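Participant: How does the following fold in three dimensions:
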Amino acid sequence: MIWLALQLNTEDWSKITIKSHLFVAIKAFWQFSQFYGEYSVTPPEQRNKFCQEYHTKMASKSSRRLKR
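Facilitator: Alright, predicted model coming up:
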């Protein structure tokens, strides 16, 4: 996942540093933590719907990013 994010967000490979790797890892962890926190407080009967909506939201964000 982190490698894919770097591939999508980096134009010049010479600019990749340890800081950018760390930033991508922290960003991915933060996104997962937010998702898991929201998922865990969602009632069990609504979790499937929550996951589907989250997946749709993330897919639309990545398609917008690819169009740039």
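Participant: For Q34, give me its contacts.
Facilitator: For Q34, no residue counts as a contact, taking CB atoms under 8 Å, 6 or more residues apart in numbering as the criterion. All C-beta spots, glycine's among them, are computed from the backbone N, C-alpha and C.
Participant: I'd like to know how far it sits from S60.
Facilitator: Distance of Q34 to S60, computed by CB to CB, to the nearest Å: 17 Å.
Participant: E53 too?
Facilitator: Using CB to CB, one gets 11 Å for the distance from E53 to S60.
Participant: Also H21?
Facilitator: For H21, the distance to S60 - CB to CB - is 26 Å.
Participant: between these two, who's got more neighbours?
Facilitator: Neighbours of H21 and S60, each counted by other CB atoms under 10 Å, are more numerous for H21; the result is 13 against 10.
Participant: Now the more buried one: which helix or strand?
Facilitator: Following DSSP states H and E, the helix or strand that holds H21 is helix 18-41.
Participant: For that helix, what does the pLDDT average out to?
Facilitator: The average of the pLDDT scores along helix 18-41 is 89.
Participant: Just the buried residues of it, please?
Facilitator: By neighbour count, with 16 or more other CB atoms under 10 Å as the criterion, the buried positions of helix 18-41 are V24.
Participant: Which elements pack onto the very next helix or strand once past that helix?
Facilitator: Heading C-terminal from helix 18-41, the first helix or strand you meet, by DSSP H and E, is helix 47-67. Using 3 or more CB pairs under 8 Å, 6 or more residues apart in numbering; DSSP states H and E as the contact test, the elements touching helix 47-67 are helix 2-9, helix 18-41.
Participant: Dump the ones you listed into a markdown table; add distance to N48 as well.
Facilitator: What follows is the helices and strands packed on helix 47-67, written out as a markdown table (distance: least, CB to CB, whole Å):
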| stretch | distance to N48 |
| --- | --- |
| helix 2-9 | 25 |
| helix 18-41 | 11 |
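Participant: Tell me which of those helices lies nearest to R47.
Facilitator: Taking CB to CB, helix 18-41 is the member of the helices and strands packed on helix 47-67 nearest to R47, at 6.3 Å.
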